[in-house]
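Peer 1: got a sequence here, can you build the structure:
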Amino acid sequence: MGKNEGILEKWFGLKKNHTDVKTEVMAGITTFMTMAYILAVNPSILSVSGMDSGAVFTATALAAMVSTLLMALLANYPFVLAPGMGLNAYFTYTVVMGMGFSWEMALAAVFVEGLIFIVLSLTNVREAIFNAIPMNLKHAVSVGIGLFIAFIGLQNAKIVVDGSTLVTLYSFSSSWKSGLFTSEGITVVLAIVGILLTGILVVKNVKGSILWGILATWILGMICQLVGLYRPDAAAGFYSMFPDFSGGFGIRSMMPTLMKMDFSRVLSLDFLVVLFAFLFVDMFDTLGTLIGVASKADMLDENGKLPRIRGALLSDALGTSIGAVFGTSTTTTFVESASGVAEGGRTGLTAVVAALLFGLSLFLSPIFLAIPSFATAPALVIVGFLMMTSITKIDFKDYSETVPCYICIIAMPFMYSISEGIALGVISYVVINLVTGKAKEKKISLLMYVLAVFFLLKYVVI
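Peer 2: Below is the predicted model:
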């Protein structure tokens, strides 16, 4: 073992976690590649609220880098953080455009939410919630997240699109007739090829299979553009597969969004409603992600608890407030971390590698912004399959356990929300076991009852 490897072993305990430097580096690169889309998507969503897209790009990359490094240092877990999808849409379309808040006020709500999370993390409230959820339900969360991110992957690739039945398969015949095949249709074909290719690599047990699947799909896309099978149409949202270096490699200024929080409405009822919504979604999305990914990686102990969870939750909370200062919506633990875990990532070294790549993206934004969504979509679909294997850990002999698990699993993809899946899983678990007289036998914790009531009130009041 070299000197550098010895230092990394000391810091991250690689042998103890049954991993090595090469595996961790590959896992970090894979996680980054599956979530690099946030560097393009977040600025496009937040800019609708009036924010400067260049500043948001820099804030997104910096918030991801800092919060992910905190995860590595405070918890030594392979979880990667960045401004979260869903929360950014809520920030723009509900808080700013729907409720009339300025984006500066919305940033203030995100900042205060982070401060509250820091307090809850230090006082063990979030940890207690994590530990109160039964083991079977934790496995169900992992399965539900698997279906959820697979669904996201299919949507990103446009394999699944809106239709008269809510969702339907992409119509290749329509794309031929409308002349869209060379812009949109071919990318759907490439995504399907990418899923099959990544699946073959997984079956063949190729190291780094998910990363190679992303790169191979992207390269196929570039070849299609070179031979004329794919024709970019920027006006319709179909861009060149090749990186655009015309703007150079400089870091875009963050000054238009840095420290621009407006606390003037902090005591208003509207502000409290916004704050609660941010709190609820972020808390249970984060808990769901930690439960799901940690369960898949066998990181939970025999009691279903996650060691060092306080550090993981604290880094998430700190990342939220830091991100608001930089000028971006809520920073949270990304479910795409599962792709690195699927590659064998088990320690904070995976997170450090991903964090460094987010830092590098500040200088190489043209390259990372060029990764098309159809190239990362196969990774999400295959990671969804890998997470779904946790269903074999659920005890199907006891229906009082498995019916709530089933409700939790189907709610996540069908309601497009990790937090809704957890909420309905907890409510159904408590109600079914209470009514069937199994609550005492199961020794359901007081906190589970409190959570069930809280979730019911959420649906009634909000």
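Peer 1: only C-alpha atoms for contact and neighbour calcs from this point on.
Peer 2: OK.
Peer 1: and this structure, what are its domain boundaries?
Peer 2: 3-243+253-394, 395-462 (automatic domain parsing).
Peer 1: how close does Met448 sit to Val431?
Peer 2: Distance, Met448 to Val431, by C-alpha to C-alpha, to the nearest Å: 11 Å.
Peer 1: which of these two has more neighbours?
Peer 2: More neighbours surround Met448 than the other of Met448 and Val431, with 20 against 16 (other C-alpha atoms under 10 Å).
Peer 1: chain center to the helix or strand harbouring that one, what's the gap?
Peer 2: Using DSSP states H and E, the element containing Met448 is helix 446-461. Relative to its parent chain, helix 446-461 has a centroid offset of 25 Å by C-alpha atoms, centre = their mean, to the nearest Å.
Peer 1: let's see it as CSV, backbone CA atoms only.
Peer 2: Taking Å, rounded to 0.1, in the frame of the first residue of the first chain, the C-alpha atoms of helix 446-461 are listed here in CSV:
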residue,chain,number,x,y,z
LEU,A,446,-44.6,6.4,20.3
LEU,A,447,-42.9,8.4,17.7
MET,A,448,-44.5,6.3,14.9
TYR,A,449,-48.0,7.3,16.3
VAL,A,450,-46.9,10.9,16.5
LEU,A,451,-45.7,10.8,12.8
ALA,A,452,-48.9,9.1,11.7
VAL,A,453,-51.0,11.9,13.3
PHE,A,454,-48.7,14.5,11.9
PHE,A,455,-49.0,13.1,8.4
LEU,A,456,-52.8,12.9,8.7
LEU,A,457,-52.9,16.5,9.8
LYS,A,458,-50.7,17.5,6.9
TYR,A,459,-53.2,16.1,4.4
VAL,A,460,-56.2,17.6,6.2
VAL,A,461,-54.7,21.1,6.9
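Peer 1: can you start the count at 39 instead of 1 from here on
Peer 2: Renumbered: residue one is now 39, and that last one reads helix 484-499.
Peer 1: now the element after the helix or strand of the chain with the lowest mean pLDDT, going C-ward?
Peer 2: Taking mean pLDDT, DSSP states H and E as the measure, the chain has helix 403-407 as its least confident helix or strand, at a mean of 71. For helix 403-407, the succeeding helix or strand toward the C-terminus, using DSSP H and E, is helix 411-426.
Peer 1: what segments of the stretch 339-488 of the chain are helices?
Peer 2: Per DSSP state H, counting those that start in this stretch, the stretch 339-488 of the chain carries helices over the ranges 347-364, 375-380, 386-399, 403-407, 411-426, 437-453, 456-473, 477-480, 484-499.
Peer 1: make that the stretch 139-288 of the chain, sorry
Peer 2: Going by DSSP H, counting those that start in this stretch, the stretch 139-288 of the chain shows helices at 141-160, 163-170, 173-194, 210-216, 224-241, 247-265.
Peer 1: quick one: average pLDDT of the last one?
Peer 2: Helix 247-265 shows a mean pLDDT of 89.
Peer 1: what do you get for the third one?
Peer 2: Across helix 173-194, the average pLDDT comes to 85.
Peer 1: other SSEs contacting it?
Peer 2: With contacts defined as 3 or more C-alpha pairs under 8 Å, 6 or more residues apart in numbering; DSSP states H and E, the packing partners of helix 173-194 are helix 307-334, helix 411-426, helix 437-453, helix 456-473.
Peer 1: what helices or strands is the last one leaning on?
Peer 2: With contacts defined as 3+ C-alpha pairs under 8 Å, 6+ apart, the secondary structure elements packing on helix 456-473 are helix 173-194, helix 307-334, helix 437-453, helix 484-499.
Peer 1: hang on, the earlier thing: need the winner for burial among the helices of the stretch 139-288 of the chain.
Peer 2: Among the helices of the stretch 139-288 of the chain, the stretch with the highest mean neighbour count (mean count of other C-alpha atoms under 10 Å) is helix 173-194, at a mean of 26.
Peer 1: out of the domains of the chain, which one sits most buried?
Peer 2: The most buried one of the domains of the chain (mean count of other C-alpha under 10 Å) is domain 41-281+291-432, showing a mean of 21.
Peer 1: which residue is the nearest non-sequential neighbour of Ala166?
Peer 2: Leaving out its chain neighbours, the residue that sits closest to Ala166 by C-alpha to C-alpha, 6 or more residues apart in numbering is Leu485, at 7.9 Å.
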